[in-house]
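[1] Here is a sequence together with a model predicted from it:
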Amino acid sequence: MSAHIIDGKAFAASVRSDVAKDVQSLKQKHGITPGLAVVIVGEDPASQVYVRNKVKQTSEVGMNGFHFEYPADTQEEEVLQKVHELNNDPAVNGILVQLPLPDHMNETAIIEAISPEKDVDGFHVVNSGLLATGGKGLVPCTPLGCYLMLKDHLGDLSGKKAIVVGRSNIVGKPMAQLLLDASCTVTIAHSRTKDLPAEVAQADIVVAAVGRPEMIKGDWIKQDATVIDVGINRIPAPERGQGKHRLVGDVEYATASENAGAITPVPGGVGPMTIACLLKNTVTATYRQNDIKK
Ligand SMILES: NC(=O)C1=CN([C@@H]2O[C@H](COP(=O)(O)OP(=O)(O)OC[C@H]3O[C@@H](n4cnc5c(N)ncnc54)[C@H](OP(=O)(O)O)[C@@H]3O)[C@@H](O)[C@H]2O)C=CC1
Ligand SMILES: Nc1nc(=O)c2c([nH]1)NC[C@@H]1CN(c3ccc(C(=O)N[C@@H](CCC(=O)O)C(=O)O)cc3)C=[N+]21
Ligand SMILES: [Mg+2]
C-alpha cells in the first residue's frame, strides 16, 4: 500500500489564514499590529531559505516584520545589544535569532538574553522549562508543527508508541515532550542508540530529526506507521543539471511510503508548518503581552 501524503504546505496555509484573522482582529479591536523581529548573523545557506520564506509570509498575514542582518565577524556584544533593544521595543512582540550563530558567539547567552515572553522560537530555558513541567510557555515551532500534523491526521495519540530520532534542544527534546504530554509511550534515539532499525520498527509514530539524508530506511518502518520527516538536507542533483541540488529528508521516502500509513514529504511537509507556527507563536505572544484573551 502507498502511504497518505500529509500535505504540510496546505495545512500551513490554513494555519496562516487563522493567524491572519487573529491579526485583523488585534488591529481592529485593539489597535495592535503584531511585530516579529528576526536577527541573522552570517550566511548559513539552510537559514537563507527559511528567512526568505518567513519574510514573505510575515507581511502576508498582516504582521510587521523587522529584519536585522549582521556580517559573520560581528562581535557577540553587538548582537546582545540588539536583543536588549528589541526586548524593550513595544512594537516587537516576537524575537527570533537565526541559528546556527558563528562559532565565536555563545549561542546560549544570546538565546537567554531574549525576553521569554518574546521568545517565539521557544528556545529560552524558561520556555523549555515550562514545556517540561506542563506550564504555559511558547513551544518550539518545528515540534509544534509536527504535533499539529499528527493530531490532525491521527486524532487521539494516547497509548501510541512514538520514536523521536534526534535529541537536539530545538527539535528532538521538545518533540518528545509534546508526544509525552499527548500520552504516547516515547523513545528518544540518538547517535549512541544500539539498534536503531529495531527501535524504529516498533513505532506507530516516527519523527526523524537527524540531519542525515535518507538515513532512516523504508524497510524499518512498521506497517501503517505515521512518519514525520523533519530533515532538510541539500544533496547534489546532477540529473537536474550541473551544480544543481535538491532537498531530501532524513527518511528514505520512496520505500518508507510503501510501509507507512502516512508520511510528510520534503519539501512541503514540516518546513512550511514551522514557519506557520512561528507566526502563530507571534500572535500568541502578542495576546499574552497585552493581556488579551482570545
Ligand atoms: N523542517 C524544519 O523546520 C527544520 C528542520 N531541521 C532539520 O532537522 C534535522 C535535525 O536538526 P537538529 O535537531 O537541529 O540537528 P542536530 O544536529 O542538532 O541533532 C541531530 C541529532 O541526530 C542524532 N544523530 C546523528 N546521527 C545519528 C545516527 N546515525 N543515528 C541516530 N541518531 C543520530 C544526534 O545524536 P547525538 O545527540 O548523539 O549527537 C542528534 O541528537 C536537520 O536536517 C535540520 O536541517 C531543523 C530545524 C527545523
Ligand atoms: N532560530 C531558529 N529557528 C528555526 O526554526 C530555525 C533556525 N533558527 N535555523 C534554521 C532552521 C531550519 N528551519 C527551516 C524552516 C522552514 C523551512 C522551509 O520552509 N522549508 C520548505 C521549503 C524548502 C525549499 O524549497 O528550499 C519545505 O520544506 O517545504 C526550512 C528550514 C528553521 N530553522
Ligand atoms: Mg543544530
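    Perfect, I can see it now. Ligands and ions are numbered 1, 2, ... in the order given.
[2] gap between the spatially most central residue of the chain and Ala91?
    Nearest to the geometric centre of the chain sits Thr142, at 1.6 Å (CA atoms, centre = their mean). Relative to Ala91, Thr142 is positioned 26 Å away (CB to CB, to the nearest Å). C-beta here means a position set from N, CA and C on the backbone, and glycine is covered the same way.
[3] and Val39, what is it in contact with?
    Phe68, Tyr70, Val79, Lys82, Val83, Leu86, Ile95, Leu96, Val97, Gln98 (CB atoms under 8 Å, 6 or more residues apart in numbering).
[4] for the closest residue to ligand 1 within the stretch 1-150 of the chain, what are its contacts?
    Here the stretch 1-150 of the chain gets closest to ligand 1 at one residue, Thr142, 4.2 Å apart by CB to the nearest ligand atom. By CB under 8 Å, 6+ apart, the contact set of Thr142 is Ile170, Val171, Met175, Ala209, Val230, Val270, Met273, Thr274, Cys277.
[5] Report pLDDT for the second one.
    In other words, Val171. pLDDT recorded at Val171 is 98.
[6] what's the nearest residue to it if we skip its chain neighbours?
    Counting by CB to CB, 6 or more residues apart in numbering, Val171 lies nearest to Ala209, which is 4.1 Å off, once chain neighbours are set aside.
[7] The residue nearest to the centre of the chain falls within a helix, correct?
    Yes - using DSSP: H, G, I helix; E, B strand; the rest coil, the assignment for Thr142 is a helix.
[8] per-residue pLDDT, it?
    On the pLDDT scale, Thr142 gets 98.
[9] how much space between it and Ala162?
    Separation of Thr142 from Ala162 (CB to CB) stands at 16 Å.
[10] Could you pull up the mean pLDDT of stretch 3-21?
    pLDDT averaged over stretch 3-21 gives 98.
[11] how many other residues sit next to the residue nearest to Val171?
    When neighbours are counted by other CB atoms under 10 Å, Ala209 registers 24.
[12] so what's it up against?
    Going by CB under 8 Å, 6+ apart, Ala209 touches Thr142, Val164, Val165, Gly166, Ser168, Val171, Gly172, Met175, Val230, Gly231, Asp250.
[13] Make TSV out of these and add secondary structure and distance to Asp121.
    Shown next, in TSV, are the contacts of Ala209 (DSSP: H, G, I helix; E, B strand; the rest coil; distance: CB to CB, whole Å):
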residue	secondary structure	distance to Asp121
Thr142	helix	9
Val164	strand	18
Val165	strand	21
Gly166	coil	17
Ser168	coil	13
Val171	coil	11
Gly172	helix	15
Met175	helix	14
Val230	coil	15
Gly231	coil	19
Asp250	coil	21
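[14] that older thread, ok, and which of the contacts of Thr142 reach ligand 2?
    Near ligand 2, judged by CB under 6 Å from any ligand atom, the entries from the contacts of Thr142 are Thr274.
[15] Fine, thanks again, bye for now.
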